[in-house]
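1. Requesting a structural model of the entry that follows:
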Amino acid sequence: MNPEAQFAAAREAIRVGRFADAEASLRALLGVAPGHPLVLSLLGVALRGQGRFEEALEPARRSAEAAPSNPGVLVNLGVVLIDAGRHDEASEVLTRAVGVAPGVVEARVALSRAMSLGGRLLDAADLCRESLGMARDHPKLTANLGAALLYAGEGAAAIEAYQRGTERWPEDLTLAMGLAASLVYGGTDDAGAVAAAHRRVGALIAKAEGTHEPPAIADPDPERRVRVGVMCADFRAHASAFFLAPILEHADRDRVEYVLYSTGGREDEVTARFRAWAPSYHRVSHLDPAALCARVRGDGVDVLLDLSGYAEGHRQAAFQRRGAPLQGTYLAYASTTGLPAMDFRIVDSITDPAGEAEAFNTERLVRIEPCLLAFSKGAGLRGGAAEHPAPGEPGQRDGPITFGSFRGLQLLTDKTLDLWTAVLKGVPGSRLLMRNHGLSGRRERDHTLARFTSRGLDAARILLEGPTSGAGETLKEYARLDVVLDSFPYSGTTTTCESLLMGVPIVTLMGATSASRVSASIQQHAGAGDLVAHTPEQFVSIAAGLAGDRERLATLRRELPERFERTVGDGAAFARRFEAVIREQWGEACRRQGRG
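-> Numbers count the residues shown, from 1 in each chain. The predicted structure is shown next:
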């Protein structure tokens, strides 16, 4: 095969997802034409497609050095940099690409994503709006606009952007998923609207992937050891690790064997801990849905669990193809998937009350009582210190009361702002400290501050700060807070656990959706149910009552951590409950097959 034909074949292999074949062809071509920028650029794409992001950087950089004015080469490098987590560098490269070729929409799509991931959310939104003026019929730009607005805290505007997009491109899965997620995170407490949006997503996936029969259970013995596959993009220093770690660390390996499928590209020191707890660990981000489904079937998985929902790195298309006899979703996404092939969803009776929540879920609801999760207190799971800091005395004991939240800006809905504003106005002299990744940029901080001041609050009472360097440092920040204010309608999970662990009471408003009730479940289990409000007025009353009782705050600072560790922090006990639920589902599946 001549070099031109071999290059064309490599491009076609990439187009259809045969990245390893493309890599082999391109490396052979480099033997003939070493340093060729287009071959190097395409090699970077092939390596990226296999989830080998760090390896992909070398040829992608070399190609950009050899062809610094080629927009396609620059875009390929920028996309690899994004996947490698180097968002600022990606923005620089992609800005050059837009400068070289302003009309290349792919460069603008990639640049807006790099800006968003790097914390320049409002700049990303502006770029998307400008670019849509040039290429109005572009679903990817519309999706990026929605994402930038959502994570800047403009949930209503994000929903509007996604709704316009889904009306224009009703078959576009990315836009449908964006609308569903924006309703969960930054939009509504209307459980029916949330469910309808997710059913639409599930229907689109089913239309694309078809309907498949589950594999038969090879050995339908309800008492044998169950092989449980866990599919997740975040076996690394990530919030999900706090909740998955107790299950794997305390697993009864005589009864349950866990097989981990990593659908994300990034790994770190935490990944090694997961590998040690479950020696069967597979990187599968490069596999298409059919190949991934075949891999799971070949591994003989009995029960396959989804721990991504519709977060980045999800593989719901592979679930629709039915890789295991029994499939369920858990933890990472506080809503139904709407996916016809998802058999069950693990919840509890507070997040999803029996007799009420079934109407809003396509899955069978399976409840773990008294709470659907456990939390590992090891701050090292997010790259911080190996030991979490001890709870300190409430900050500024003789100064102003400090309310706080370390929630992401995507959860700072208008309803949340109204709640928090009412609290601050009800406690004269108090202040609010917010800290999160979205506040890294000056523009985002100014924009967020304006949302508070437009409600009549003095800017001096609002403290806005970017993220800390790691989990250990974040936990230390709780010493600056007297009371944490939860968001609504998407309540806390990790931040609720962190607050209670550090002895800081968190006031929660429980709503109608599953997402608005997770924090209430955690609080109830940890013996802090009196901090859960059922109306906005009650939320303000509870927060103001805490602020006016410094003796009670000091008592809670001492008592909450111990209560939490006895309950939500008891990973070993939770692992037994979790395994019991999985085995119950497994036993029923065995009996159904036997009767069939």
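2. switch to C-alpha atoms for all contacts and neighbour counts from now on
-> Noted.
3. helices and strands of this protein: which one bottoms out on pLDDT?
-> When the helices and strands of the chain are scored by mean pLDDT, DSSP states H and E, helix 471-477 comes last with a mean of 85.
4. how far is that helix from where the chain is centred?
-> Distance of helix 471-477 from its chain centroid, counting by CA atoms, centre = their mean, to the nearest Å, is 20 Å.
5. Quick check: next helix or strand after it?
-> Note on helix 471-477: by DSSP states H and E, the next helix or strand toward the C-terminus is strand 483-485.
6. Tell me the gap between that next one and the middle of its chain.
-> 23 Å.
7. now the one residue sitting closest to the centre of the chain, nearest residue through space, not along the chain?
-> Nearest residue to the geometric centre of the chain (CA atoms, centre = their mean): A311, 4.7 Å. Excluding the flanking residues, the one nearest A311 by CA to CA, 6 or more residues apart in numbering is Y333, at 7.5 Å.
8. One more: R577?
-> I368 (6.9 Å).
9. Show the contacting residues for the one you found.
-> 346-349, 577-578, 581 (CA atoms under 8 Å, 6 or more residues apart in numbering).
10. Looking at those residues, state which has the most neighbours.
-> Using other CA atoms under 10 Å as the neighbour criterion, V347 leads the contacts of I368 with 24 neighbours.
11. For D302, see how far away the residue lying closest to it once chain neighbours are set aside is.
-> Spatially, and ignoring its direct neighbours in sequence, V347 is nearest to R367 (4.8 Å; CA to CA, 6+ apart). For R367, the distance to D302 (CA to CA, to the nearest Å) stands at 20 Å.
12. Counting neighbours, go ahead and name the busier of these two.
-> It is D302, of R367 and D302, that has more neighbours when counted by other CA under 10 Å, with 26 against 20.
13. which phi and psi does the more buried one have?
-> phi -90, psi -40 (degrees, to the nearest 10).
14. Can you verify my assumption that it contacts G323?
-> No - contact criterion CA atoms under 8 Å: D302 and G323 do not qualify, at 9.1 Å.
15. State the distance from A471 to Y478.
-> From A471 to Y478 the distance is 11 Å (CA to CA).
16. what's the answer for L122, then?
-> Distance from L122 to Y478, by CA to CA: 28 Å.
17. Looking at these two, which one has more neighbours?
-> Ranked by neighbour count (other CA under 10 Å), L122 and Y478 place Y478 first, with 27 against 22.
18. How confident was the prediction at the more buried one?
-> Looking at Y478, its pLDDT is 94.
19. Just give the nearest non-adjacent residue to it, would you?
-> M502 is the one closest to Y478 (CA to CA, 6+ apart), at 6.6 Å.
20. give the contact list for that neighbour.
-> 390-392, 475, 478-479, 557, 560-561.
21. What lies in contact with the lengthiest helix in the chain?
-> Ranked by number of residues, the top helix in the chain under DSSP state H is helix 571-595. Helix 571-595 has contacts (CA under 8 Å, 6+ apart) with 216-217, 220-223, 226, 246-248, 250-252, 256, 302-303, 326, 366-368, 373-376.
22. So which bits of it are buried?
-> By neighbour count on 16 or more other CA atoms under 10 Å, the buried set for helix 571-595 is 571-575, 577-579, 581-583, 585-587, 589-590.
23. now swap in stretch 305-312 and tell me
-> Buried, per 16+ other CA under 10 Å, within stretch 305-312: 305-310.
24. Strands along the chain, start to end?
-> Secondary structure of the chain (DSSP state E): strands at 226-232, 256-262, 280-283, 303-306, 326-330, 344-347, 364-367, 402-405, 431-435, 462-465, 483-485, 506-509, 532-533.
25. show me where pLDDT drops low in the chain?
-> Across the chain, the ranges flagged by pLDDT under 70 are 1, 378-389, 392-398, 595-596.
26. ok, back up a step: got the phi and psi for the residue nearest to Y478?
-> phi -90, psi 10.
27. Tell me how far it lies from L475.
-> 7 Å.
28. go on, F243?
-> Counting by CA to CA, the gap from F243 to L475 is 17 Å.
29. likewise A580?
-> For A580, the distance to L475 - CA to CA - is 32 Å.
30. same deal with F578?
-> 27 Å.
31. ditto for L74
-> Applying CA to CA to L74 and L475 gives a distance of 40 Å.
32. cool, Q538 as well?
-> 28 Å.
33. repeat for A589
-> 43 Å.
34. ditto for R431
-> Taken as CA to CA, the span from R431 to L475 is 19 Å.
35. go on, R255?
-> Taking CA to CA, one finds R255 at 35 Å from L475.
36. Then V39?
-> Distance, V39 to L475, using CA to CA: 47 Å.
37. So between the two, which is more surrounded?
-> V39 (25 against 21).
38. Spatially nearest residue to the more buried one (excluding sequence neighbours)?
-> L26 (6.2 Å).
39. That neighbour reaches A10, doesn't it?
-> Yes - between L26 and A10 there is a contact under CA under 8 Å: 6.7 Å.
40. tell me, what's touching those two both at once?
-> By CA under 8 Å, 6+ apart, no residue touches both L26 and A10.
41. in the stretch 201-350 of the chain, which spans are helices?
-> 239-249, 269-277, 289-298, 316-320 (DSSP state H, counting those that start in this stretch).
42. To A46, which of the ones you listed lies closest?
-> helix 289-298 (16.9 Å; CA to CA).
43. in that closest one, what's buried?
-> 289-290, 292-297.
44. List just the nearest of those to A526.
-> V296 (37.1 Å).
45. Next up, the contacts around that closest one.
-> Counting by CA under 8 Å, 6+ apart, V296 has contacts 229, 323-324.
46. Most neighbours among those residues, please name it.
-> Of these, with other CA under 10 Å as the count, G323 tops at 31 neighbours.
47. Can you tell me the closest non-neighbouring residue to that residue?
-> Leaving out its chain neighbours, the residue that sits closest to G323 by CA to CA, 6+ apart is C293, at 4.6 Å.
48. What separation do you get for that neighbour and S262?
-> 14 Å.
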